[in-house]
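J.: return a 3D structure for these sequence lines:
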Amino acid sequence: MHQLTCSPIHNQVPAGIRPLMRLGWSAGPAGATRALARSAGVRRPGVRWRKLAGPYFGNAVATLTHRGRGADVLIEGTTKDGHLRPVMRRRLSAGGGPTAP
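T.: A predicted model of the protein is given here:
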């Protein structure tokens, strides 16, 4: 199962918050948070999430195209003049992990 999260409307994150968001998505703080939760007696969740790309900031449009048992993902961001530009391309396999683009 894959989840794509993308906002095509104006949800601009202030520049000062972006480094904190990137830090929150990095492996070190995520591992420390899991360890803290375990020490507090919180059970491991039944579902695990793995970030494959991002975070990307600014307005974007995500396109998911199914190809047999896999899928292709294209995330396009907007330029200052309002045009779309590719930000990320990824092929998703039926087994749950990414494949080479």
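
J.: and stretch 56-74, how far out from the chain middle?
T.: Here stretch 56-74 is found 11 Å from its chain centre; the criterion is CA atoms, centre = their mean, to the nearest Å.

J.: for it, output the C-alpha coordinates as CSV.
T.: Output of stretch 56-74 as CSV, limited to C-alpha atoms (Å, rounded to 0.1, in the frame of the first residue of the first chain):
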residue,chain,number,x,y,z
TYR,A,56,8.6,19.2,-0.8
PHE,A,57,7.3,22.7,-0.1
GLY,A,58,5.0,24.8,-2.1
ASN,A,59,2.0,24.1,-4.3
ALA,A,60,2.1,20.7,-6.1
VAL,A,61,0.1,18.3,-8.2
ALA,A,62,0.6,14.5,-7.8
THR,A,63,-0.3,12.1,-10.6
LEU,A,64,-0.5,8.3,-9.9
THR,A,65,-0.6,6.1,-13.1
HIS,A,66,-1.2,2.4,-12.6
ARG,A,67,0.9,0.1,-14.8
GLY,A,68,-0.1,-3.6,-14.3
ARG,A,69,0.7,-4.5,-10.7
GLY,A,70,2.9,-1.4,-10.2
ALA,A,71,2.4,2.4,-10.5
ASP,A,72,4.3,5.5,-11.5
VAL,A,73,4.2,8.7,-9.4
LEU,A,74,4.9,12.1,-10.7
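
J.: what about the protein, any weak spots by pLDDT?
T.: For the chain, the stretches flagged by pLDDT under 70 are 1, 7-11, 94-101.

J.: so which residues of it form helices?
T.: In the chain, the segments counted as helices under DSSP state H are 18-24, 27-39.

J.: dump these to TSV, plus distance to residue 73.
T.: For the C-beta atoms, the positions are set from N, CA and C on the backbone; glycine is no exception. Conversion of these to TSV gives the following (distance: least, CB to CB, whole Å):
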stretch	distance to residue 73
helix 18-24	20
helix 27-39	22
